[in-house]
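**Q** sharing a sequence plus its predicted fold:
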Amino acid sequence: MPRIARLTDEERIVALAALPHWRLADDGSGISRSLKFSDFVEAFGFMSRVALLAERADHHPEWSNVYNRVDIRLTTHDAGGLSARDIALARAIDALIARAD
Ligand code: HBI
């Protein structure tokens, strides 16, 4: 039995309304955001900061990096879909980006 609850349809809608940079997967299983930085060092620096957040929260992104681009998908494997943990990590990532501006 999953230890973490998947969000309901209504909870998903409410959560996503406050995360305009994130896209909900068609099947509702996760959210994603793509980011572009000025170069690879900036992108990798960002990934390092997210990695520290993720490790502290014991919640980890699925992501890929090509040069200055980082594609992030958040989903909760233990829940088999989107959970409050993904929303919390998305907010923390957004806060990191806001600070970098
Ligand atoms: N990260 N995205 C994601 N989803 C999980 O379910 C998850 C995780 N990081 C660590 C983690 N679960 C652990 O708590 C368990 O696998 C033990």
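**A** Received, thanks. Numbering: from 1, shown residues only.
**Q** where do the helices of the protein begin and end?
**A** Secondary structure of the chain (DSSP state H): helices located at 9-17, 40-57, 84-100.
**Q** any chance of the ones you listed in TSV, plus mean pLDDT, mean neighbour count and distance to residue 23?
**A** (C-beta placed from N, C-alpha, C; glycine too.) Formatted as TSV, these follow (pLDDT from 0 to 100; neighbours: other C-beta atoms under 10 Å; distance: least, C-beta to C-beta, whole Å):
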stretch	mean pLDDT	mean neighbour count	distance to residue 23
helix 9-17	96	13	9
helix 40-57	97	14	18
helix 84-100	93	16	11
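**Q** want to try JSON lines for those helices, with distance to residue 67 as columns?
**A** Formatted as JSON lines, those follow (distance: least, C-beta to C-beta, whole Å):
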{"stretch": "helix 9-17", "distance to residue 67": "29"}
{"stretch": "helix 40-57", "distance to residue 67": "5"}
{"stretch": "helix 84-100", "distance to residue 67": "18"}
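**Q** got the ones you listed as TSV, with distance to the ligand columns?
**A** Formatted as TSV, the helices of the chain follow (distance: least, C-beta to the nearest ligand atom, whole Å):
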stretch	distance to the ligand
helix 9-17	16
helix 40-57	8
helix 84-100	7
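**Q** ok, and the closest non-adjacent residue to residue 75?
**A** Closest residue to residue 75 apart from its sequence neighbours, by C-beta to C-beta, 6 or more residues apart in numbering: residue 30 at 3.3 Å.
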